[in-house]
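S.K.: Below is the structure, and that's it, no one-letter string:
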């Protein structure tokens, strides 16, 4: 589950600095999937709806697809594969020139994307 919903203090601190956030639609899907098996699903869904309402939701387009292809090729060439959804998230972050707030260090392999957390 995401460090944010697990109460990771560093993530909370980083996100508290801004009243609006940018969340890839892919991340929303991952949260929704993860909640399916959580005993706290009802509570987490309420929190997610609130976060969604306070955020800009980023959806992929043709530009994202090109960036996805470039990133996937770069990672494959470098021998550093990462999960497919995370490549999509990185492509959106690169496209919109946003940092990725995540504890997942594999984002550090993606050139042109900065991870904080």
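M.R.: Noted; the coordinates are in hand. Worth saying up front: this structure is predicted, and the values here are computed from it rather than measured. Numbers count the residues shown, from 1 in each chain.

S.K.: Could you use CA atoms for every contact and neighbour count after this?
M.R.: Fine.

S.K.: Could I get the buried residue list for stretch 39-52?
M.R.: 44, 48, 52 (16 or more other C-alpha atoms under 10 Å).

S.K.: Then stretch 78-96?
M.R.: 81, 86-95.

S.K.: Output the below-cut-off pLDDT ranges for the chain.
M.R.: Applying pLDDT under 70 to the chain picks out residues 1-17.

S.K.: that older thread, ok, of the buried residues of stretch 39-52, which one's closest to residue 25?
M.R.: Comparing these against residue 25 with C-alpha to C-alpha places residue 52 closest, at 9.7 Å.

S.K.: element containing the closest one?
M.R.: Under the criterion of DSSP states H and E, residue 52 resides in helix 41-53.

S.K.: Turn the buried residues of stretch 78-96 into a markdown table, including secondary structure and distance to residue 20.
M.R.: Listed next are these as a markdown table, based on DSSP: H, G, I helix; E, B strand; the rest coil; distance: C-alpha to C-alpha, whole Å:
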| residue | secondary structure | distance to residue 20 |
| --- | --- | --- |
| 81 | coil | 31 |
| 86 | helix | 22 |
| 87 | helix | 23 |
| 88 | helix | 21 |
| 89 | helix | 18 |
| 90 | helix | 19 |
| 91 | helix | 20 |
| 92 | helix | 17 |
| 93 | helix | 15 |
| 94 | helix | 19 |
| 95 | helix | 18 |
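
S.K.: where do the helices sit along this structure?
M.R.: For the chain, the helices defined by DSSP state H cover 9-16, 25-35, 41-53, 62-78, 84-95.

S.K.: Which elements pack onto the third one?
M.R.: Looking back up the chat, that one is helix 41-53. Counting contacts by 3 or more C-alpha pairs under 8 Å, 6 or more residues apart in numbering; DSSP states H and E, helix 41-53 packs against helix 25-35.
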